[in-house]
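> coords please:
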Amino acid sequence: MLYEDQAAGFDERAAIPAEAVESMAAAVAEIAGLRQGDTLLEIGAGTGMLSLPLIRQPIRYIGFDLSPAMLAVFREKVEKARLRAELLEADANGRWPATDGSVTAIFSARALHHVDVDHAADEIGRVLRPEGGWLILGMVRRPSESVKPAFRRQMGKLLEEEGYSGRSHDTHTEALFSALETIGGERAETHVVARWTRRIAPLDSFTAWQGKKGLAGHDIPEEVKERVLGRLRAWAEKHHGNLEAPLEQEESLALDAIHVRAV
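Next comes the predicted model:
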């Protein structure tokens, strides 16, 4: 299962500054107008790296993920912080673990692009309360010309040559928001909640990708993965030189949100 093998080191690999996480939670609560007793549903909750400040809100928090190992890490955090959360194992491409018309806001970061657009739109309409609610998506962004986005674009090309379609957060978000607009959804402006710089060696990306079971969200054969990474590394060395030299990288945490009327 994808992400099962990443649970132990996921927070370190995908680290986001604590101040950014706090700012994100405050922004989610403000955008959604969360009040005491409201229900927030998080899709792909993972290890809860972004979730503890949300759980501290006076709301009902339901988080679900396909990976038991990721959720186990999350549960430890919740218990250590003496908080209360409903953490459930479920597949977002199946029925979401919320009753019809019960949810005030849906939040997801780096996960919803794995879900079929039509299915996501149907489930969003089903679970949101009758008067409507918010879908809020979080994404770490980097300048398009920086190293990591360039690596990912090239990886996508190589995977397509192997017969695997690319999975883009931005492309999926645009398709989903467009589908929701056809039923009366209204977008908010993209909100950047935090910016920071991170010092990272390009080689670290290859080390992380090699340690994962799949690649770019695909559960692919090991020989295909090794071939793609080998070709990607040769391309990277040609275009970027020494992959062990640390680089300063700008990063930001942005929220895309749309208000949706229940259907």
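> quick one, helices of the stretch 101-250 of the chain?
Secondary structure of the stretch 101-250 of the chain (DSSP state H, counting those that start in this stretch): helices at 117-127, 147-161, 169-181, 202-210, 222-240.
> what's the longest one packed up against?
The one in question is helix 222-240. In terms of contacts (3 or more C-beta pairs under 8 Å, 6 or more residues apart in numbering; DSSP states H and E), helix 222-240 is packed against helix 147-161, helix 202-210. All C-beta atoms are positioned from the backbone trio N, CA, C, and that covers glycine.
> please identify the most buried of the helices of the stretch 101-250 of the chain.
helix 117-127 (a mean of 20; mean count of other C-beta atoms under 10 Å).
> in CSV: the helices of the stretch 101-250 of the chain, plus distance to residue 140 and mean pLDDT.
Converted to CSV, these look like this (distance: least, C-beta to C-beta, whole Å; pLDDT from 0 to 100):
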stretch, distance to residue 140, mean pLDDT
helix 117-127, 20, 96
helix 147-161, 10, 86
helix 169-181, 10, 92
helix 202-210, 14, 81
helix 222-240, 20, 89
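> Serialize these to CSV and add fields for distance to residue 27.
Putting those into CSV (distance: least, C-beta to C-beta, whole Å) gives the following:
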stretch, distance to residue 27
helix 117-127, 20
helix 147-161, 23
helix 169-181, 17
helix 202-210, 28
helix 222-240, 34
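> ranges for the strands of the chain?
Counting by DSSP state E, the segments of the chain that form strands are 39-43, 60-65, 86-89, 105-109, 133-141, 186-187, 191-200, 247-260.
> buried sites along stretch 89-101?
90, 92, 96, 98 (16 or more other C-beta atoms under 10 Å).
> ok, stretch 59-76 next?
For stretch 59-76, the neighbour count (16+ other C-beta under 10 Å) marks 59-67, 69-71, 73-74 as buried.
> for the helices of the stretch 101-250 of the chain, which one sits closest to residue 16?
helix 147-161 (14.3 Å; C-beta to C-beta).
> which elements pack onto the closest one?
Looks like helix 147-161 contacts helix 202-210, helix 222-240, strand 247-260 (3+ C-beta pairs under 8 Å, 6+ apart).
> residues making contact with that helix?
For helix 147-161, contacts defined as C-beta atoms under 8 Å, 6 or more residues apart in numbering pick out 142-143, 165-166, 168, 200, 202, 205, 215-216, 218, 220, 228, 231-232, 235-236, 239-240, 247, 249.
> next, format the helices and strands packed on helix 147-161 as TSV and append distance to residue 172.
Shown next, in TSV, are the helices and strands packed on helix 147-161 (distance: least, C-beta to C-beta, whole Å):
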stretch	distance to residue 172
helix 202-210	21
helix 222-240	21
strand 247-260	11
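> for residue 39, which of the ones you listed is the nearest?
Taking these one by one with C-beta to C-beta, strand 247-260 is closest: 14.9 Å.
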